[in-house]
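>>> Got a predicted structure here, sequence first:
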Amino acid sequence: MSFFPKQPSSRVGSTQTIAYNASVAIANAFGPETYQLRLVADSACCYRIGDGAQTATTADTFMPASVIDYVIVSPGQNISVIKAATNGLVTATAGTLWVTEMS
């Protein structure tokens, strides 16, 4: 049997979908075994992750549309998301963020 290189991976957990617009959308707290998230959105957005209730603003981490991002989190944290600002560089539209918990 020959050795073949494998890609780093994590165990896929539950997925939450968060509809967002100009108002802040908040997800449920992450599970007790969640240490990484897989994020993808269908429109540009900004998100904030932290302990307790979070309120995203357009000054938080920007994520372009249709880009997959992996972020490290701690179990029990929360994520909040809002559509990106219209600053002439991004067209701000409502959308959906898919949050997949990884362990």
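Everything's here; your move. Residues are numbered from 1 along each chain as shown.
>>> does the residue most central in space within the chain sit in a helix or strand, and which one?
By CA atoms, centre = their mean, the chain has its centre lying nearest to residue 39, at 3.8 Å. Using DSSP states H and E, residue 39 maps to strand 36-41.
>>> partners of whichever helix or strand comes after that strand, with directions?
Next in sequence after strand 36-41, counting helices and strands by DSSP H and E, comes strand 45-50. Strand pairing for strand 45-50, using DSSP bridges, gives strand 61-63 (antiparallel), strand 78-83 (antiparallel).
>>> By mean pLDDT, which helix or strand of the chain comes out lowest?
Lowest mean confidence among the helices and strands of the chain (mean pLDDT, DSSP states H and E): strand 25-26, at a mean of 82.
>>> List the contacts of that one.
18, 19, 53, 54, 56, 78, 79, 80, 81, 82, 97 (CB atoms under 8 Å, 6 or more residues apart in numbering). Heads up, the C-betas are built off the backbone N, CA and C, glycines and all.
>>> Any of the residues you listed buried? List them.
Buried members of the contacts of strand 25-26, scored by 16 or more other CB atoms under 10 Å, are 18, 54, 56, 78, 79, 80, 81, 82, 97.
>>> my guess is the third one meets residue 85, correct?
Right, the one you point to is residue 56. No - with contact defined as CB atoms under 8 Å, residue 56 does not reach residue 85; the gap is 11.5 Å.
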